[in-house]
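J.: here is a sequence with its predicted model. Questions after.
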Amino acid sequence: MLLVTGVTGALGRLVLERLRGREDVVAGSRTPETVPDGVPARLVDFDRPETLPAAFAGVRTLLLISAGAAEDDVVVARHGAAIAAAERAGVEHVVYTSLSGDGDHLPYALAHRWTERRLRESGSLRWTVLRNGLYAEFLAAIAAPDADGVITAPLGEGGLAAVARADLAEVAVTVALAPAEHAGRTYELVGERAVGGADIAAATGAEYRPAALAGTRAAVAASDALDFQVPMVVGTYSAIAHGFLAGPGGPGDLAALLGRPPRPALDVIAGR
């Protein structure tokens, strides 16, 4: 049996769509009542570890979709509870959706690297790590034109090797349905071409006039963002602007696992 966590999230929903109709798949959610009809669902709440023994009973493969953005100690506690419960339940293989290796400069990388280390140190679990690049949909959101059609995101002249979320969902399903073929592997799943502010402007008919990081930090802090989200957002802008997330500039693990070229990020951003 395959259990997929986080099925009400953006990535998890796409994964579940690709698995619907399979009798060997169960959806895990803090709100199982919201899982689409016809999909077996179990209560999975990493903040309530007592829910996990029943949720993981009979599960052979766990697709552990990262448990949401939060402070590092919260995310680490969630992932630690899930992995410990998987070990106790006799789960054989964990497929974990992590963060791309070039994302080590990002403020939210630590919890992902901790989780990868915890899996490697497990005495009973086989594992596969899917190091997902940042979504093209995310880039579209943080570099959206304002009401005057101007993109002010502080991306400088840098670019992001963004990935279509649907491509990452497809890879997650491929690996989770045949985990033995991918045991002990860490895949870097980033785009083949970096996309910057000027590219987005050209694709959307906008104008690109990047702001400074300080002004952006003030604007994010003045919004409804939570305190821990301010450095996350600004740190992401800075890593893109300074060339740390530009990717390898050619085919890599993503294309190999898809068996085709990835969907171009600009097509996703421009709605093509």
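T.: It's in.
J.: quick one: contacts for the closest residue to Ala57 other than its chain neighbours?
T.: Excluding the flanking residues, the one nearest Ala57 by C-beta to C-beta, 6 or more residues apart in numbering is Ala89, at 6.1 Å. C-beta: built from backbone N, CA, C; applies to glycine. By C-beta atoms under 8 Å, 6 or more residues apart in numbering, Ala89 lies in contact with 52-53, 56-57, 59.
J.: which of these count as buried?
T.: 52, 56, 59 (16 or more other C-beta atoms under 10 Å).
J.: out of those, list just those in helices.
T.: Using DSSP state H, the members of the buried ones among the contacts of Ala89 that fall in helices are 52, 56.
J.: tabulate the buried ones among the contacts of Ala89 in JSON lines, adding columns for pLDDT.
T.: Listed next are the buried ones among the contacts of Ala89 as JSON lines, based on pLDDT from 0 to 100:
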{"residue": "Leu52", "pLDDT": "97"}
{"residue": "Phe56", "pLDDT": "98"}
{"residue": "Val59", "pLDDT": "98"}
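J.: using JSON lines, lay out the buried ones among the contacts of Ala89 together with distance to Leu254.
T.: Compiled in JSON lines, these are given as follows (distance: C-beta to C-beta, whole Å):
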{"residue": "Leu52", "distance to Leu254": "31"}
{"residue": "Phe56", "distance to Leu254": "29"}
{"residue": "Val59", "distance to Leu254": "27"}
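J.: out of the buried ones among the contacts of Ala89, who's nearest Ala81?
T.: Within these, the smallest distance to Ala81 is 6.6 Å, found for Leu52 (C-beta to C-beta).
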